[in-house]
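Could you look at this predicted model? Sequence included:
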Amino acid sequence: MQMTPEYVDQMQWHQTLGFARQVCARVFRDGGAPADALKAFGLGSHVATVKDDWSKAVELIAEVMCAPVQRSAA
């Protein structure tokens, strides 16, 4: 069972997981691996933790898309 991060609304998490699945499905259809999907979202440093596990790639991508925006003071 997937856990929704505490800082994310459940509806937002559900929709974001769906989008992340679509992205990963497209990468898969194009012959890519989970590492390729992560690199597309700037998550190249997480490649070793995913190996060939698409479900982990989907969750990492969704977490990044739901992460709170860090704003710097101007």
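On my side now, so go ahead.

Next, the buried residues of the longest helix seen in the chain.
Ranked by residue count under DSSP state H, the longest helix found in the chain is helix 10-29. Neighbour-count burial for helix 10-29, counted by 16 or more other CB atoms under 10 Å, picks out 13, 16-17, 20-21, 23-24, 27. (C-beta placed from N, C-alpha, C; glycine too.)

pLDDT for those residues - can I get that in JSON lines?
Shown next, in JSON lines, are the buried residues of helix 10-29 (pLDDT from 0 to 100):
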{"residue": "13", "pLDDT": "88"}
{"residue": "16", "pLDDT": "91"}
{"residue": "17", "pLDDT": "93"}
{"residue": "20", "pLDDT": "95"}
{"residue": "21", "pLDDT": "96"}
{"residue": "23", "pLDDT": "94"}
{"residue": "24", "pLDDT": "95"}
{"residue": "27", "pLDDT": "95"}
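
now the residues you listed as TSV including distance to residue 58?
Below are the buried residues of helix 10-29 laid out as TSV (distance: CB to CB, whole Å):
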residue	distance to residue 58
13	12
16	10
17	7
20	5
21	5
23	8
24	5
27	11
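
which pair in the residues you listed spans the largest distance?
Greatest spatial distance among these (CB to CB): 13 and 27, at 20.9 Å.

that older thread, state the next helix or strand along the chain beyond the longest helix of the chain.
Per DSSP states H and E, the first helix or strand lying C-terminal to helix 10-29 is helix 34-40.

and whichever helix or strand comes after that following helix, which residues are buried?
Remark: after helix 34-40, the chain's next helix or strand is helix 47-50, criterion DSSP H and E. The neighbour-count check on helix 47-50 (16+ other CB under 10 Å) flags 47, 50 as buried.

quick one: low-confidence ranges for the chain?
Along the chain, segments meeting pLDDT under 70 span 1-7, 72-74.

which residue is nearest the middle of this protein?
Centroid-nearest residue in the chain, with CA atoms, centre = their mean: residue 61, separated by 0.8 Å.

tell me the contacts of it?
By CB atoms under 8 Å, 6 or more residues apart in numbering, the residues touching residue 61 are 20, 23-24, 37-38, 41, 43.
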